[in-house]
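1. Just a sequence and a predicted model for now, questions to come.
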Amino acid sequence: MLAAAEVHWWYRGRRRIVRAELERLDLPEGARLLDVGCASGQMLDLLSEFGSATGVDPDEESIELARLHGHEVLAAGLPALPFADGTFAACTCLDVLEHLPDDAAALTELARVTRPSGALLVTVPAYEALWSAHDDANEHLRRYRAGTLKPQAQRAGWRVERMTYFNTLLLPAAAAVRLAERFRHRPRAREVSDLHLSPPGLNGALELPLRIEAALLRSGGRLPAGLSLLALLRRRD
């Protein structure tokens, strides 16, 4: 994952989706921003365009790589963050919640470190029915639907401002591949994720659908289904 984060179509496409949402937030100049689970720091590159960005990650290799990119990164993770209440104007938590045994506690902790009316941008994988070897390889504990994430966020102190699926145009193909795997006589090895399935030469073509979706989301549109779910949350006063 660390090796793929810079160039793989999925990570590049997700950054486009996140940028589209950040541009809609109208953040104040110099806003303090936090990326939880920052990995090697590509999302911090993006957040730094919108304010003063800090990252946290529990993985030492990730921290070292992010610091080499010039970012402020601390060794920490949910559900215990080393920041005072209301420190950040906005936080991102991208494909992290599905790894955590207690995702409800994580959402509550994110609300604690976000200022009143501050924003949280969350992405998670969608639909338990799409569970595959990719989830096993990445040590996921669950996948989500809008109907499960929304009430959980509300109980943790968030107001749901916007929720949409994305990676929609590739959903039929991905669903077909994952369904076919269940009927194979030789299932894919548990340690092999979907990142290995697409040749590097197809990165540009596979990123194109996410470019289209980012343009739609930037204009305020929503997508009714997709491989991933995005939520824009506001901390209640």
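-> Alright, I've got the coordinates. Remember, predicted model here, so these are calculated numbers, not experimental data.
2. Which stretches in this structure count as strands?
-> 32-36, 52-57, 72-75, 88-94, 114-125, 158-166, 228-235 (DSSP state E).
3. right, so of the ones you listed, which gets closest to R16?
-> Of all the strands of the chain, strand 158-166 sits nearest to R16, with 9.8 Å by CB to CB. Backbone N, C-alpha and C define where each C-beta goes, glycine included.
4. in that closest one, what's buried?
-> 158, 162-166 (16 or more other CB atoms under 10 Å).
5. With pLDDT as new columns, can these be given to me in CSV?
-> Output for those, formatted as CSV (pLDDT from 0 to 100):
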residue, pLDDT
W158, 98
R162, 96
M163, 98
T164, 98
Y165, 98
F166, 97
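6. ok, so of the residues you listed, who is nearest E213?
-> Out of those, the member with the shortest distance to E213 (by CB to CB) is F166, at 5.3 Å.
7. Name the residues linked to the closest one by a beta bridge.
-> Note on F166: beta-bridge partners by DSSP bridges are S228.
8. give me every residue that touches it.
-> F166 makes contacts with 17, 123, 210, 213, 217, 223, 226-230, as judged by CB atoms under 8 Å, 6 or more residues apart in numbering.
9. out of those residues, which is most surrounded?
-> L230 (27 neighbours; other CB atoms under 10 Å).
10. burial count for the nearest residue to S40 once chain neighbours are set aside?
-> Take S40 and drop its neighbours on the chain: the residue closest to it by CB to CB, 6 or more residues apart in numbering is L65, 3.8 Å away. Per other CB under 10 Å, the neighbour tally for L65 reads 20.
11. So which residues of the chain form helices?
-> Assigned by DSSP state H, the chain shows helices spanning 9-23, 42-47, 60-68, 103-113, 133-137, 146-155, 171-182, 203-218.
12. report the angle between the axes of the longest one and helix 171-182?
-> For helix 203-218 against helix 171-182, the angle between stretch directions is 130 degrees (axes from the mean of the first three to the mean of the last three CA atoms, to 10 degrees).
13. residues contacting the residue positioned nearest the centre of the chain?
-> Geometric centre of the chain, nearest residue: L94, 2.0 Å, by CA atoms, centre = their mean. Neighbouring residues of L94 by CB under 8 Å, 6+ apart: 14, 18, 35, 37, 43, 121-123.
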